[in-house]
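Student: here is my input, please return the structure:
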Amino acid sequence: MESNRQRKVAQIIQEDFAELFRKQSSESKQNFLVSVSDVKVTPDLGIAKIYLSIFPQEFRSSIMKEIEVNKAQYRNFIGQKMAKQVRIIPQLSFYLDTTLDDVEKIEKELRGEGDNPVL
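Tutor: As a prediction, this is how the structure comes out:
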């Protein structure tokens with residue numbers, strides 16, 4: 001069960017990273033979209049798990065590699081945004097959120113368009 005403090009910190013991180021990734025994708029020459037689908041913060045506010053949805057799929061691996069390389073800069077960015085609100089800036093862990101892909105795959109199977117041998 002999340003505390004109010006965890007939810008507030010997670011919401012701040014989600015909003016700030018959503019804005020950052022929106023700005024980065026608009027400045028890029030490639031057309032892609034990075035959205036922050038969820039943020040989970042540990043009870044001690046020391047670790048933030050950030051779940052990203054990246055579209056189209058062919059950019060996922062390259063964007064995730066770039067995010068991992070720049071993780072220290074992202075932590076510095078969030079530290080500047082949250083400096084007055086938290087004592088410790090959380091360590092950031094980025095994960096690829098494939099929930100929408102899973103939903104699409106299931107819907108495709110239910111319509112009979114997949115490779116399900118039963119339908």
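Student: Three-state assignment for the residue most central in space within the chain, please.
Tutor: Geometric centre of the chain, nearest residue: Leu52, 2.5 Å, by C-alpha atoms, centre = their mean. Classification of Leu52 by DSSP: H, G, I helix; E, B strand; the rest coil places it in strand.
Student: can you report how many residues neighbour Ala48?
Tutor: The local packing of Ala48 (other C-beta atoms under 10 Å) involves 24 other residues. C-betas here are computed from N, CA, C, even on glycine.
Student: next up, the contacts around it.
Tutor: Applying C-beta atoms under 8 Å, 6 or more residues apart in numbering, one finds that Ala48 lies in contact with Val9, Ala10, Ile13, Val39, Lys40, Val41, Thr42, Pro90, Gln91, Leu92, Ser93.
Student: could I get the residues you listed as CSV with secondary structure?
Tutor: What follows is these, written out as CSV (three-state DSSP):
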residue, secondary structure
Val9, helix
Ala10, helix
Ile13, helix
Val39, strand
Lys40, strand
Val41, strand
Thr42, coil
Pro90, coil
Gln91, strand
Leu92, strand
Ser93, strand
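Student: pull out the buried members of those.
Tutor: By neighbour count, with 16 or more other C-beta atoms under 10 Å, those hold Val9, Ala10, Ile13, Val39, Val41, Pro90, Leu92 as buried.
Student: quick one: the fifth one from Arg87, how far?
Tutor: Meaning Val41. Distance, Val41 to Arg87, by C-beta to C-beta, to the nearest Å: 14 Å.
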